[in-house]
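# coords below, sequence missing:
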Ligand SMILES: [Zn+2]
């Protein structure tokens, strides 16, 4: 088992054996038939249950697997193809992307780019289309970008940045790192872009599937279910707008319609918290300034909040230097700040003037209040700006 194997969904590193997949590669030379045998473990992540293969090979092995030209894909007994109904599933988002007038429609990991061929036949201008794959197999007329899809990491320009909609069908199960790939697609997407993502659904089994499909092959590195695929997509920044599990002929597939929506809630909430923190420190500074105009005032607690209040309101520093504001702090008593000795809070009972509590966190500030009561300080002398509405 590869020591550095990592689950792409939960990043777990502990796996259990599920099955042993063996496959043979025929030796091409003449004479007696012979095969080279390979075997790898199919494992499940001990934390999230994702099923994936160990990989006893590197990119070279994968290059080899894909070296021969694609054969025509067969999906059903009567040889129907699913590309039209893939487009139908994506129709609403796809039409919105087309109507927006900019951003390309991608087929990423396109093979023959059957989806784009169909869109081209429908009259979509070829400049709006872009087929992307490891190597070119698309017909002339469809713009093509050669790209190492295992090398995308979201940190560099891709050649398809700002795309408006992407089809990605039966690619993700082949990627070395589906998380890195889906995240790179998310980073490259235009705001609001859509992604049609389809992979084999390994939760659907049945005689047709097992007897006719080619799902247990050396090319398949990841065995997704609707749940695991949704979990992965969501954790890479995609919103799930559609989710369907179905058979097309003898091919079980799960398909998601994903959207690159903006996720501003956490950013906005964080900015709002910081606006409030700054307002609280401004209120502390304003109160200290006002009180010190009437005579000496004690400020209790020389921590982040008071230091930032002083930094934002330099006149407070002048007032401290001048002795109009006297700093008290238990841990730093006897040291100096702004050329003034920091007082011992035990001396606050004898201080003649109001006492402003400058520690914002309640666990510190409430202990100060209790200590003040224990020292016999009249609570009317305590000013707590953080507790005022
Ligand atoms: Zn996992």
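Thanks, I have it. Values in this document were obtained by computation on a predicted structure and should not be read as measured data.

# Quick one: list the elements packing against the longest helix anywhere in the chain.
Taking DSSP state H as the criterion, the chain has its longest helix at helix 265-292. In terms of contacts (3 or more C-beta pairs under 8 Å, 6 or more residues apart in numbering; DSSP states H and E), helix 265-292 is packed against strand 297-300, helix 304-312, helix 314-321, strand 355-357. For glycine as for every other residue, the C-beta is placed from the backbone atoms N, C-alpha and C.

# now that helix and helix 304-312, what's the angle there?
Angle of helix 265-292 versus helix 304-312, following axes from the mean of the first three to the mean of the last three C-alpha atoms, to 10 degrees, is 70 degrees.

# and helix 265-292 with helix 314-321, angle?
Calculated by the same axes, to 10 degrees, helix 265-292 forms an angle of 40 degrees with helix 314-321.

# and the residue nearest the centre of the chain, backbone torsions?
Residue closest to the mean C-alpha point of the chain, counted by C-alpha atoms, centre = their mean, is residue 236 at 3.9 Å. Backbone torsions of residue 236, given as degrees, to the nearest 10, read phi -100, psi 10.

# Give me the distance between it and the ion.
Distance, residue 236 to the ion, using C-beta to the ion, to the nearest Å: 14 Å.

# Which pLDDT does the model give that residue?
Here the pLDDT value assigned to residue 236 is 97.

# and the stretch 201-350 of the chain, which residues reach the ion?
Taking C-beta under 5 Å from the ion, no part of the stretch 201-350 of the chain reaches the ion.

# hmm, stretch 40-50 in reach of the ion?
Yes: applying C-beta under 5 Å from the ion, one finds stretch 40-50 in contact with the ion at 45, 47, 48, 50.

# and residue 366, what helix or strand is that in?
Here residue 366 sits within helix 362-374, counting by DSSP states H and E.

# Report the residue ranges of every domain in the protein.
Using automatic domain parsing, the domain parsing of the chain gives 1-56, 77-263, 272-387.

# and the ones you listed, which is most packed in?
Ranked by mean neighbour count under mean count of other C-beta atoms under 10 Å, the domains of the chain are led by domain 77-263, which reaches a mean of 18.

# Give me the distance from it to the chain's centre.
19 Å (C-alpha atoms, centre = their mean, to the nearest Å).

# Output the lowest mean pLDDT helix or strand found in this protein.
Each helix and strand of the chain was given a mean pLDDT (mean pLDDT, DSSP states H and E); the minimum falls on helix 59-65 at a mean of 60.

# OK, contacts around the closest residue to residue 169 other than its chain neighbours?
Leaving aside its chain neighbours, residue 169 sits nearest to residue 198 (4.2 Å; criterion: C-beta to C-beta, 6 or more residues apart in numbering). Counting by C-beta atoms under 8 Å, 6 or more residues apart in numbering, residue 198 touches 86, 168, 169, 170, 253, 254, 255, 256.

# So which residues make contact with the helix holding residue 366?
For helix 362-374, contacts defined as C-beta under 8 Å, 6+ apart pick out 300-301, 303, 345, 348, 355, 357, 359, 379, 382, 384, 386-387.

# Can you report phi and psi for whatever residue of the stretch 251-389 of the chain ends up closest to the ion?
Taking C-beta to the ion as the measure, the stretch 251-389 of the chain has residue 254 as its residue closest to the ion, at 17.6 Å. Here is the backbone geometry of residue 254 (degrees, to the nearest 10): phi -110, psi 130.
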